[in-house]
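**Student:** sequence and computational prediction follow.
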Amino acid sequence: MNILITGANWHTRPRFRKGIRHFGHPNPLLDGISETTYQQSEKAAVAQNMETKRDLYLDIAKGICIILMVLGHSGCPEWMNRFMVLFRMPCFFFISGILLSDRYLTDVKGGICKKLKGYYQPYVKWTLIFLLLHNTFTYLHIYETSYTWQETAIKIVRTIIMTGGEQLLGGYWFLISLTWASIGTIVILSALRNKNKLTNVHIWEGVILAVLIASTEHLLPFKLPAQFGPQTFLALAFFMSGYIYRKSGLNKSKHLSQLYVLLLLIPAIVSVFADLSMSTAEALSGGYFVVALSGIIGFIQLAKKLEHDKVVALFNYIGNKTLYILTFHFLAFKPISYILIRLNGLPISDLSQFPVLKETSSWMWTIYTVAGICLPLLVWELFHLPFLRFKKIKNKSNYYESLSLLIWELKNKVVKCLMNLTHTNHFRKV
């Protein structure tokens with residue numbers, strides 16, 4: 001699951017030649033590289049862009065799903081959340097299975113290292129950062145109690161082994177389950193391949209086994225480690241289902257594209273009678289899996305329908321920054337809660353209520369949702385300012401030329417954000 005996106009579109013910045021500023025492709029000599037190396041990098045960029053275009057509808061699906069996640073945490077109406085929770089997070093596991101590369105089935109070590117770098121590394125990094133800031137957040141009334149040094153040390157260990165987390169990172173259970181689901185899928189599929197049994201039937205057997213374990217885990221005479229609870233086994237089932245979806249060619253099926261309304265209607269009806277999620281299904285995990293799978297496939301087909309819609313650029317932009325929204329959306333709720341506390345004369349201790357204030361106007365969930373999406377995106381933009389690029393060129397003989405390049409890159413980022421909101425990206429359908 002590719003949840004980060006690379007930096008600025010570097011070929012749009014200006015270049016200088018004989019004292020005249022030009023636009024378009026940069027001068028290779030200005031960047032200190034040869035013409036051959038430049039051409040090779042251009043070919044690699046084209047290949048990467050073509051790959052991105054092929055997965056455009058998946059980025060749209062991720063973008064909408066992360067919005068639904070923030071919406072569910074914002075205090076939205078219960079009926080709305082009961083419908084969304086049936087498929088929004090399982091959809092991420094399913095998409096990760098679609099994107100799983102077959103080369104990891106022969107290079108298991110490389111595949112596991114890749115997944116650890118993509119999921120475990122950001123989990124540990126951001127959890128440790130938030131953990132070290134815990135007492136600062138307590139001083140700001142975001143938390144009620146502080147940690148002692150002993151408690152901090154224990155939580156550091158639990159973070160490293162992925163058995164604990166911070167309340168502001170409540171959504172990070174997803175990274176724990178995704179880490180183990182991806183590793184489990186690679187190991188299982190690699191074992192099936194080595195035995196010449198890598199068929200849809202045998203993979204489905206693994207899916208059913210994972211769902212059965214999730215359904216009966218609470219009946220076991222012993223307790224499994226926290227990171228191997230029902231959520232993780234359901235995540236494993238959704239992950240492998242995504243792989244089957246791609247390998248069987250269902251992602252290209254024209255029949256499914258006509259049934260997306262019917263497929264989404266199934267979880268809509270179930271949500272009226274039952275309140276199920278990955279964390280509460282337990283004995284009903286089998287039924288939950290079927291309903292969620294229906295919603296996921298219908299939702300992905302809907303994302304394909306939006307591939308050429310005017311909002312595609314916005315959802316694509318958000319879909320490539322899901323990690324930052326997952327990380328910062330709880331914290332982004334706090335400024336809104338603080339404003340409401342001041343306006344209504346409430347005690348500042350109410351700021352520690354999670355994830356939002358318990359008593360607010362019926363429409364405040366819309367404000368929380370906008371803040372939970374926009375503020376993390378702003379954090380992403382701040383973290384990806386081209387300062388590293390400036391450090392690379394600031395020692396050039398012409399300082400003012402280098403400074404102009406930096407300012408131009410900053411301007412391009414602003415323009416790119418505005419275009420994402422107002423224009424449509426036209427991608428070739430693959």
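**Tutor:** That came through fine.

**Student:** next structured bit after the host helix or strand of residue 212?
**Tutor:** Secondary structure from DSSP states H and E places residue 212 in helix 200-216. Counting by DSSP H and E, the next helix or strand C-terminal to helix 200-216 is helix 230-247.

**Student:** would you mind measuring from the residue positioned nearest the centre of the chain to residue 174?
**Tutor:** By CA atoms, centre = their mean, the chain has its centre lying nearest to residue 322, at 3.2 Å. Residue 322 is 10 Å from residue 174, where distance means CB to CB, to the nearest Å. For glycine as for every other residue, the C-beta is placed from the backbone atoms N, C-alpha and C.

**Student:** number of nearby residues for residue 121?
**Tutor:** Number of residues near residue 121 (other CB atoms under 10 Å) recorded here: 13.

**Student:** same question but for residue 192, I mixed them up
**Tutor:** Counted with other CB under 10 Å, residues neighbouring residue 192 total 17.

**Student:** who's in contact with it?
**Tutor:** By CB atoms under 8 Å, 6 or more residues apart in numbering, the contact list for residue 192 reads 198, 199, 202, 203, 206.

**Student:** would it count as being in a helix?
**Tutor:** Yes: looking at residue 192 with DSSP: H, G, I helix; E, B strand; the rest coil, it is inside a helix.

**Student:** ok, it to residue 200 distance?
**Tutor:** For residue 192, the distance to residue 200 equals 11 Å [CB to CB].

**Student:** same check on residue 123?
**Tutor:** With CB to CB as the criterion, residue 123 and residue 200 are 32 Å apart.

**Student:** neighbour count winner among the two?
**Tutor:** Remark: of residue 123 and residue 200, residue 123 carries more neighbours, 24 against 11, as counted by other CB under 10 Å.

**Student:** ok but that one is inside a strand, no?
**Tutor:** No: the assignment for residue 123 (three-state DSSP) gives helix, which keeps it out of a strand.

**Student:** pretty sure residue 315 is touching residue 59, no?
**Tutor:** Yes: in this structure residue 315 lies within contact range of residue 59 using CB atoms under 8 Å: 7.3 Å.

**Student:** out of the two, which sits in the more crowded spot?
**Tutor:** Remark: of residue 315 and residue 59, residue 315 carries more neighbours, 25 against 22, as counted by other CB under 10 Å.

**Student:** how much space between the nearest residue to residue 329 once chain neighbours are set aside and residue 74?
**Tutor:** Take residue 329 and drop its neighbours on the chain: the residue closest to it by CB to CB, 6 or more residues apart in numbering is residue 372, 3.8 Å away. Residue 372 sits 6 Å away from residue 74, going by CB to CB.

**Student:** neighbour-wise, which of those two wins?
**Tutor:** Set residue 372 next to residue 74 and count neighbours by other CB under 10 Å: residue 372 wins out with 27 against 24.

**Student:** name the helix or strand for residue 90, please.
**Tutor:** According to DSSP H and E, residue 90 maps onto helix 88-98.

**Student:** so what touches that helix?
**Tutor:** Contacts of helix 88-98 (CB under 8 Å, 6+ apart): 1, 58, 61-62, 65, 68-69, 72, 174, 177-178, 181-182, 185, 234-235, 238-246, 251, 278, 292-293, 295-296, 299-300, 322.

**Student:** okay, the angle between the helix or strand containing residue 323 and helix 88-98?
**Tutor:** Taking DSSP H and E as the criterion, residue 323 maps to helix 322-344. For helix 322-344 against helix 88-98, the angle by axes from the mean of the first three to the mean of the last three CA atoms, to 10 degrees is 160 degrees.

**Student:** can you give me the helices for the stretch 301-430 of the chain?
**Tutor:** Secondary structure of the stretch 301-430 of the chain by DSSP state H, counting those that start in this stretch: the helices cover 312-319, 322-344, 364-383, 387-393, 399-422.

**Student:** which strands and helices sit next to the second one?
**Tutor:** It refers to helix 322-344. With contacts taken as 3 or more CB pairs under 8 Å, 6 or more residues apart in numbering; DSSP states H and E, helix 322-344 sits against helix 56-73, helix 121-132, helix 364-383.

**Student:** after the first one comes which helix or strand?
**Tutor:** So the one you mean is helix 56-73. helix 78-84.

**Student:** other residues contacting that next one?
**Tutor:** In this structure, residues lying in contact with helix 78-84 by CB under 8 Å, 6+ apart are 68, 71, 72, 267, 268, 271, 272, 275.

**Student:** tell me the SS of the last one?
**Tutor:** Using three-state DSSP as the criterion, the local structure at residue 275 reads coil.
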